[in-house]
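A.B. asks: Can you look at this prediction? I've put the sequence above it.
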Amino acid sequence: MRLRPFAVLSIAAVSALLLAGCSGTGGDAGTPSPSATAAADLCDALAAPGAASDAVEVTGDPGAPATATFTAPLDITELQTTVVDEGSGDPVASGDFISYALSAFDAETGERLVDTGYAPGELLPAQISADNPLGQILGCGKPGQRVVATFPATESASAEIYVVDLLGLVPTAAWGEEQPPVDGMPTVTLDEDGTPNITIDTSATPPTETEVATLKKGDGYTVASGDYVLIQYRGARWSTGELFEGGDTWDGGTPYAGQTTGFVAGFQKALEGQTVGSQVLVVIPPADGYGEGEINDSDLKGETLVFVIDIIGAQKAAAQ
C-alpha cells in the first residue's frame with residue numbers, strides 16, 4: 001500500500017512530507033491570549049483550495065467511505081483542500097484529540113487505495129495542531145466536516161487524493177460506565193478533569209499475582225495483543241503509596257501511544273481484553289513488572305506497582 005504514513009498512523013512522522021507554506025498567517029493587531037492565538041493559528045493552517053481539489057467530485061455522507069470522481073491523471077502540484085461539508089457544533093482547537101477517517105485514491109489512475117477509520121480499531125485518535133498534517137487538512141473544523149485533500153507526488157509516494165472526515169473530539173479521560181469497586185484493591189478517586197488519585201494500604205501484604213479491576217467499562221473496540229493503544233496512566237509504588245517518576249501521563253497532560261506488547265507483562269494483562277473508554281486498575285507484582293530484587297528509590301526492581309489506566313483509543317496492529 002502506497003499511502004502516506006499519516007493515514008496509518010503517525011502524524012508527527014509526516015510533517016516533513018507536506019509542502020512549505022501550507023499554513024496561513026495571522027493578522028490581528030494587539031496581543032491575543034495564547035488560547036486565542038492557538039485557535040486562530042489552527043483555522044489559518046487549513047490549506048487553500050485550488051484547481052486540483054476543486055476538480056474532485058465527492059459523493060456519500062460524512063462518516064462513511066466516500067466515492068471520489070475526477071479525470072485521471074489529476075495534475076497535483078501542491079497540497080490543496082476543498083471543504084465538502086462543514087460539519088456542525090463546536091470547532092476543534094489546537095491540542096485536541098480527534099477521531100477521523102479517510103478514503104484514499106490514486107491520482108494517476110483513480111484507483112481506490114483504502115478506506116480506513118470508519119470501523120472500530122482502524123485508527124488511533126490523533127492530536128491536531130497547526131503544524132501537523134491533520135491541522136493543515138482540517139483546520140479548525142467541526143465534527144462531521146468532510147474535506148478533499150490533494151497531495152503531490154513525493155520520492156516515497158505517488159500523487160494521492162484523500163477524502164478526510166472529522167468524526168469528532170475524543171476525551172482524554174475514560175468515559176465508560178462506572179463499575180463497583182473490588183474489595184482488597186487500592187482505592188481510586190478522580191479530580192474534576194479525570195486525574196486519578198491512588199490510595200494504597202501499604203500495611204497490607206501485596207498480591208503475588210497480577211490483579212486487574214475495571215473501574216469504568218467502555219463501549220468501544222476490544223484491545224487485542226499487539227494492538228496500539230492511546231492511554232493515560234498513573235503509577236504508584238505499593239511499598240510507599242507514592243507516585244514514581246516516569247509513571248504519570250497526567251502530569252504532562254498528554255496521552256501516550258504504544259503497542260501492548262511493549263509494556264511489562266502486568267501492564268499488558270491490564271490492557272488486553274479491555275474496551276476503549278475503560279478505566280482499569282492493576283496491581284503488578286515484581287514478577288510481572290521489573291523483576292525481583294532489593295526495593296530501592298532509584299528504580300522499580302522489587303516493587304509491586306499500582307496503575308490506573310484510561311484507554312482512550314486503540315488500533316489493530318494489522319493496520320500499521
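C.D. replies: Received it, and whenever you're ready, just let me know what you need.

A.B. asks: Nearest spatial neighbour of Leu300, chain-adjacent residues omitted?
C.D. replies: Among residues not flanking Leu300 along the chain, Tyr290 sits closest, at 4.2 Å (C-beta to C-beta, 6 or more residues apart in numbering). (Glycine included, C-beta is placed from N, CA and C.)

A.B. asks: pretty sure that neighbour contacts Ser298?
C.D. replies: No: look at Tyr290 against Ser298 with C-beta atoms under 8 Å: they stay out of range, at 11.8 Å.

A.B. asks: in the protein, which spans are helices?
C.D. replies: Using DSSP state H, the helices of the chain run over residues 34-45, 51-54, 133-138, 265-271.

A.B. asks: Outline the domain layout of this structure.
C.D. replies: Domains of the chain are assigned by automatic domain parsing as 5-169, 177-319.

A.B. asks: Including mean neighbour count, could the ones you listed go into a markdown table?
C.D. replies: Formatted as a markdown table, these follow (neighbours: other C-beta atoms under 10 Å):
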| stretch | mean neighbour count |
| --- | --- |
| domain 5-169 | 18 |
| domain 177-319 | 18 |
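
A.B. asks: For my notes, please list the ones you listed in a markdown table and give mean pLDDT for each entry.
C.D. replies: Formatted as a markdown table, the domains of the chain follow (pLDDT from 0 to 100):
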| stretch | mean pLDDT |
| --- | --- |
| domain 5-169 | 83 |
| domain 177-319 | 95 |
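
A.B. asks: one step back: can you report phi and psi for the residue nearest to Leu300?
C.D. replies: Dihedral pair for Tyr290: phi -110, psi 20, per degrees, to the nearest 10.

A.B. asks: give the contact list for it.
C.D. replies: Tyr290 makes contact with Val264, Asp299, Leu300, Lys301, Gly302, Glu303, Leu305, according to C-beta atoms under 8 Å, 6 or more residues apart in numbering.

A.B. asks: Locate the residue of this structure with the greatest distance from its centre.
C.D. replies: Largest separation from the mean C-alpha position in the chain: Ser203, at 38.4 Å (C-alpha atoms, centre = their mean).

A.B. asks: My guess is Gly220 contacts Gln274. True?
C.D. replies: No: using C-beta under 8 Å, Gly220 is not in contact with Gln274; the gap is 9.6 Å.

A.B. asks: Next, work out how far apart Gly135 and Thr154 are.
C.D. replies: 19 Å (C-beta to C-beta, to the nearest Å).

A.B. asks: repeat for Gly235
C.D. replies: Distance from Gly235 to Thr154, by C-beta to C-beta: 41 Å.

A.B. asks: wait, doesn't Asp90 sit right on Lys142?
C.D. replies: Yes: between Asp90 and Lys142 a contact is recorded at 6.8 Å, counting by C-beta under 8 Å.

A.B. asks: Return the residues in contact with Tyr100.
C.D. replies: Residues near Tyr100 by C-beta under 8 Å, 6+ apart: Gly117, Leu123, Ala126, Leu134, Leu138, Val164, Asp165, Leu166, Leu167.

A.B. asks: Closest to Gly241 out of those residues?
C.D. replies: Nearest to Gly241 among the contacts of Tyr100 is Ala126, at 35.3 Å by C-beta to C-beta.

A.B. asks: give me the beta-bridge partners of that closest one?
C.D. replies: When assigned by DSSP bridges, Ala126 has beta-bridge partners Ile98.

A.B. asks: Correct me if wrong: it contacts Gly135.
C.D. replies: No: the criterion here is C-beta under 8 Å, and Ala126 misses it with Gly135 at 10.0 Å.

A.B. asks: picking that back up, what about the residue nearest to Leu300, distance to Asp310?
C.D. replies: Separation of Tyr290 from Asp310 (C-beta to C-beta): 22 Å.
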